[in-house]
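Undergrad: my questions concern the predicted model and sequence given below.
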Amino acid sequence: MDASDADLIQQCLHGDNAGFDLLVGRHQKQVYRFCFGMLGNAEDASDAAQESFIKAYHALGDFRKDASFVSWMLRIANNACVDLWRRRTRRQAASVDDEESGLAEIPSSDPDPEAALLGGESRRLVRDAIGRLPEKHRGALVMFYVNGMSIKEIGRTLGRPEGTVKSDLHTAREMLRRKLEGVVVEA
């Protein structure tokens, strides 16, 4: 029988850290996907996800039992990504070329090298455009499209009313559309 997240948290709060190891194993992919969507860089996403779990571990006593652990984790991850994004933006001013060479490509299953190259370039352009969105719009967009969260879940995670989340998503889509006008994105 699998223990619930709440049971694992209680286990950890009573001194058994194996419960936290199970929580990490259960949610690390979702947290990493979120961080990658926010940061667009595999190394930074890994760092932010790791930092998120460390912060969560130290704050387990503050977790509200009536809340969703995943929503709580994604809120912590959102803050970690924002912090890392700000640090990276400062670092980026020193060397744009180094940042470009560090971008992780999402592997393509397309056997045609030319199509794979064009698809990879399109994904990079979309990732870059998402990365230039304001933090609140980027977070809502990633939670909705990458993590598949509902408007209600995003609102709870970010501490915003559902109407604000809908507005943020609409604004994010419009901003992306304008940033990507004229760019062909291969399906």
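TA: Here it is on my side, so go on.

Undergrad: could you measure the residue nearest the centre of the chain against Glu153, distance?
TA: Central residue of the chain (Cα atoms, centre = their mean): Phe34, 2.1 Å from the mean position. Noted for Phe34: a distance of 12 Å to Glu153, by Cβ to Cβ, to the nearest Å. Just so you know, the C-beta spots here come from the backbone N, C-alpha and C atoms, and that holds for glycine as well.

Undergrad: what helices and strands are in contact with the helix or strand containing Arg138?
TA: Secondary structure from DSSP states H and E places Arg138 in helix 135-145. With contacts defined as 3 or more Cβ pairs under 8 Å, 6 or more residues apart in numbering; DSSP states H and E, helix 135-145 has these neighbours: helix 18-39, helix 69-92, helix 113-131, helix 151-158, helix 162-179.

Undergrad: to Val142, which of those lies closest?
TA: Closest to Val142 of these, according to Cβ to Cβ: helix 18-39, at 3.6 Å.

Undergrad: which parts of stretch 49-67 are buried?
TA: Buried residues in stretch 49-67, defined by neighbour count with 16 or more other Cβ atoms under 10 Å: 49-53, 56, 60, 63.

Undergrad: which two in these are spaced the farthest apart?
TA: Greatest spatial distance among the buried residues of stretch 49-67 (Cβ to Cβ): Gln50 and Phe63, at 18.8 Å.

Undergrad: report the buried residues of the helix holding Arg138.
TA: Within helix 135-145, the residues scored as buried using 16+ other Cβ under 10 Å are 136-144.

Undergrad: contacting residues around it?
TA: For helix 135-145, contacts defined as Cβ atoms under 8 Å, 6 or more residues apart in numbering pick out 34, 37-38, 74, 78, 81-82, 85, 130-131, 133, 149, 151, 153-154, 157-158, 165, 168-169, 171-173, 175-176.

Undergrad: quick one: buried ones out of those residues?
TA: Buried residues within these, counting neighbours by 16+ other Cβ under 10 Å: 34, 37-38, 74, 78, 81-82, 85, 130-131, 133, 149, 151, 153-154, 157-158, 165, 168-169, 171-172, 175-176.

Undergrad: how is this structure carved up into domains?
TA: 1-104, 105-187 (automatic domain parsing).

Undergrad: can I get the ones you listed in a markdown table with mean pLDDT?
TA: Below are these laid out as a markdown table (pLDDT from 0 to 100):
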| stretch | mean pLDDT |
| --- | --- |
| domain 1-104 | 82 |
| domain 105-187 | 77 |
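
Undergrad: wouldn't Ile9 be in contact with Asp62 here?
TA: No: look at Ile9 against Asp62 with Cβ atoms under 8 Å: they stay out of range, at 10.9 Å.

Undergrad: what distance do you get for Lys65 to Ile154?
TA: In terms of Cβ to Cβ, Lys65 sits 21 Å off from Ile154.
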